[in-house]
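Student: build the 3D model from these lines:
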Amino acid sequence: EHTIKEQKEEYNKLNFSRNELQTQNMTLEKDIDLLEQEVQSKQATGSKPAKVSLNALKVRKEELEAEIEDYGTQRQEAEVQVVSLRNELSQAEEESSILRRELDRHEKELDRLKLN
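Tutor: Modelled structure (predicted):
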């Protein structure tokens, strides 16, 4: 009788312990779920700004590359204009030289006619 009573007490203790552990386990599982949700939420919000920042940087990089390309195009156009202006200047200097020679010739002719 004594052993049966002891066994019942032991059983009740173990059963209580088991129930207590199950309760603790359920609480821990809920805590884990909450923590996982919190981590996911933080990762989502934490990575959102990072993604937004990364996307903003990519967009800015593309904008800068486009600007660089535009500047390159403008530079090439400017170089072409410089060459064109140099050619025009050279032509103008040549025409000026021709006109000076003609003017000199006409002045000499005028001087000659005045003397006669």
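Student: can you give me the distance of Glu107 to Asn116?
Tutor: In this structure, Glu107 and Asn116 are 15 Å apart, going by Cβ to Cβ, to the nearest Å. Backbone N, C-alpha and C define where each C-beta goes, glycine included.
Student: these two: which is more packed in?
Tutor: Neighbour tally, Glu107 and Asn116, criterion other Cβ atoms under 10 Å: the higher count belongs to Glu107, 10 against 4.
Student: the helix or strand hosting the more buried one - what's its average pLDDT?
Tutor: Counting by DSSP states H and E, the secondary-structure element that holds Glu107 is helix 2-115. In this model, helix 2-115 has a mean pLDDT of 84.
Student: what separates it from the chain centre, distance-wise?
Tutor: Counting by Cα atoms, centre = their mean, to the nearest Å, helix 2-115 is centred 0 Å from the centre of its parent chain.
Student: which strands and helices sit next to that helix?
Tutor: In terms of contacts (3 or more Cβ pairs under 8 Å, 6 or more residues apart in numbering; DSSP states H and E), helix 2-115 is packed against no helix or strand at all.
Student: adjust the sequence numbering to begin at 556 for everything that follows.
Tutor: All set: I'll call the first residue 556, so the last point we hit is now helix 557-670.
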